[in-house]
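# test case, fold it:
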Amino acid sequence: MRFADVIKTAFYNLWRKKFRTFLTILAIVIGAVLIALMTSIGTGLQRFIVDQFGLMVPQDALTVYASNRSFSYTETPYEIVDTSDVVIRSFTADDVDKLLSIEGVERVDYNIGVSALYVRAEGNEKKYSISINSGPDYQIKMMTLVTGDFFEEDSSGECLISFDYLGAFGWEKAEDAVGKEITITVGKSNAYNTETKNYSFVISGVILKTMNATQIVISMNDTIEMARYYRNNPNQYSPEQPGTSLLVKVSDVNDVERVAEIIRAEGFSTITPNEILKEINSIFSIIQIGLSAFGIIALVVASIGIINTLMMSIYERTREIGVMKAVGATRGTIRMLFTMEGAALGFIGGIAGVAIGFVAGKILNIIGSYTFLSDYPTFEMSVFSIQLVLMVVAVTTAISLIAGLYPANRAAKLDAVEALRYE
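Sure, this is the predicted structure:
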């Protein structure tokens, strides 16, 4: 019997018992829908996080730390041979010169961090939480503005505000915020010092909504002034005290890995944007496997139904199997026929499951775009790809094929004479 005839016969035999076949396929469909939908949601979330990462982290820049540090968790405790490896130390002016001397390094900037107590808008006494963000010009201009313009790198007294502040400050449109004044209140890093200082800024632009809903971006000059007040240290972020971390910009993005290796060889530590993305993707791979596990469990349960369906089919078609053997059908032909019936159940269930999962994902995207995801117009909660479709269909077909092996072997081992006598 030709392979094409085996496939045709397998589908015909399944069609003979439509209701039983439907119930068996239904169980497979449930598993396929769960795998497809859960994986697509994981992919959508992963793409959103990666896109947000791309909006915040320049691909041609490195954050460099003066002390050696590990950027990943270890499976077991490890011995600390040199305690200087775990002591946080600061950069020196010589360290900065050493970084600037590396071939391919374009510039080195302070990596400034400062905390503020709250922010207020002019004419509004309500205080709101705030996350101060700052950085060199090439980093700030990666952001997307809804309205307004970026301030100059060496400017002072200007800022960009997060889109979420519009509602908090009572402005209906983003354009209403441009030109308005806000006041940021900064305290001291010492909790026992309750002294505060106000800093005023004019809004030059509004940032497109991101995950950081409370960020206000100010120039590096203003951030340094705040940081010196916050830490009560007038020498903070100066050639004498550059800080514990620095931003190193590479002139060519293709040289990032090479520069990173040189920096590590100099005794500093760093992590490249690609290494961060690799960590993010590995985490989401684990999440997707966990989400897909529910569908795999459902398919395992469905495989029991496949075995039952094929075993019932063997009992009902015992005489038919005997006739096939009597006219020359081999054990291999019988085995292939029933195995193909199992695979066909999985194939049909996989196709149907992917189709239903795809429609459900689109519905989720539409509902999300009008409700809880309305502020993120580019975020699709469910993302399907051709690879996902092929993977789901392959998994359902493979599991069903494996489930059909036992009944197929039982059918192949039937004695022709006994099968013909079967009533």
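# residues near residue 19, how many?
Burial measure for residue 19: 7 neighbouring residues, criterion other Cβ atoms under 10 Å. For glycine as for every other residue, the C-beta is placed from the backbone atoms N, C-alpha and C.
# in which helix or strand would I find it?
Using DSSP states H and E, residue 19 maps to helix 18-56.
# which other helices and strands does that helix contact?
Applying 3 or more Cβ pairs under 8 Å, 6 or more residues apart in numbering; DSSP states H and E, we find helix 18-56 packed against helix 273-316, helix 331-370, helix 386-403.
# and it, what's buried?
Within helix 18-56, the residues that qualify as buried by neighbour count (16 or more other Cβ atoms under 10 Å) are 21, 24-25, 27-46, 48-49, 56.
# angle of the helix or strand following that helix against helix 273-316?
Sequence-wise, the next helix or strand beyond helix 18-56 is strand 61-65, with elements assigned using DSSP H and E. Here strand 61-65 runs at an angle of 110 degrees relative to helix 273-316 (axes from the mean of the first three to the mean of the last three Cα atoms, to 10 degrees).
# what is the mean pLDDT for strand 61-65?
The average of the pLDDT scores along strand 61-65 is 90.
# immediately after that strand, which helix or strand?
Once strand 61-65 ends, the next helix or strand along the chain (criterion: DSSP H and E) is helix 93-100.
# residues making contact with that following helix?
Contacts of helix 93-100 from elsewhere in the structure, counted by Cβ atoms under 8 Å, 6 or more residues apart in numbering, are 64, 66, 105, 107-108, 239-240, 242, 246, 248, 263, 266, 268.
# and which of these is nearest to residue 7?
Minimum distance to residue 7 across the contacts of helix 93-100 is 59.7 Å, recorded for residue 263 (Cβ to Cβ).
# secondary structure element for the closest one, which one?
Following DSSP H and E, one finds residue 263 within helix 256-265.
# quick one: distance of that helix to the chain centre.
Using Cα atoms, centre = their mean, to the nearest Å, the mean C-alpha position of helix 256-265 is found 27 Å from that of the whole chain.
# please save the CA atoms from that helix in PDB.
What follows is helix 256-265, C-alpha atoms only, in PDB (Å, rounded to 0.1, in the frame of the first residue of the first chain):
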ATOM      1  CA  VAL A 256      31.100  47.000  22.000                       C
ATOM      2  CA  GLU A 257      32.100  43.400  22.800                       C
ATOM      3  CA  ARG A 258      35.800  44.100  22.100                       C
ATOM      4  CA  VAL A 259      35.800  47.200  24.300                       C
ATOM      5  CA  ALA A 260      34.000  45.300  27.000                       C
ATOM      6  CA  GLU A 261      36.700  42.600  27.100                       C
ATOM      7  CA  ILE A 262      39.400  45.300  27.300                       C
ATOM      8  CA  ILE A 263      37.600  47.000  30.200                       C
ATOM      9  CA  ARG A 264      37.400  43.700  32.100                       C
ATOM     10  CA  ALA A 265      41.100  43.000  31.400                       C
END
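# could you say what helices and strands that helix packs with?
Helix 256-265 makes packing contacts with strand 61-65, strand 245-250, strand 269-271, helix 273-316 when contacts are defined by 3+ Cβ pairs under 8 Å, 6+ apart.
# now the longest one, how far from the centre of its chain.
By that I understand helix 273-316. Averaging C-alpha coordinates over helix 273-316 and over its chain gives two centres that are 19 Å apart (Cα atoms, centre = their mean).
# what's that helix packed up against?
Checked by 3+ Cβ pairs under 8 Å, 6+ apart, helix 273-316 has helix 18-56, helix 256-265, helix 331-370, helix 386-403, helix 405-412 packed alongside it.
# let's see it at 10 Å
Contacts of helix 273-316 with other secondary structure elements, assessed using 3 or more Cβ pairs under 10 Å, 6 or more residues apart in numbering; DSSP states H and E, are made with helix 3-16, helix 18-56, strand 61-65, helix 256-265, helix 318-326, helix 331-370, helix 386-403, helix 405-412.
# same for the longest one, what does it pack against?
What that stands for is helix 331-370. Taking 3+ Cβ pairs under 10 Å, 6+ apart as contact, the helices and strands that helix 331-370 lies on are helix 3-16, helix 18-56, helix 273-316, helix 318-326, helix 386-403, helix 405-412.
# ditto for the last one
Counting contacts by 3+ Cβ pairs under 10 Å, 6+ apart, helix 405-412 is packed against helix 273-316, helix 318-326, helix 331-370.
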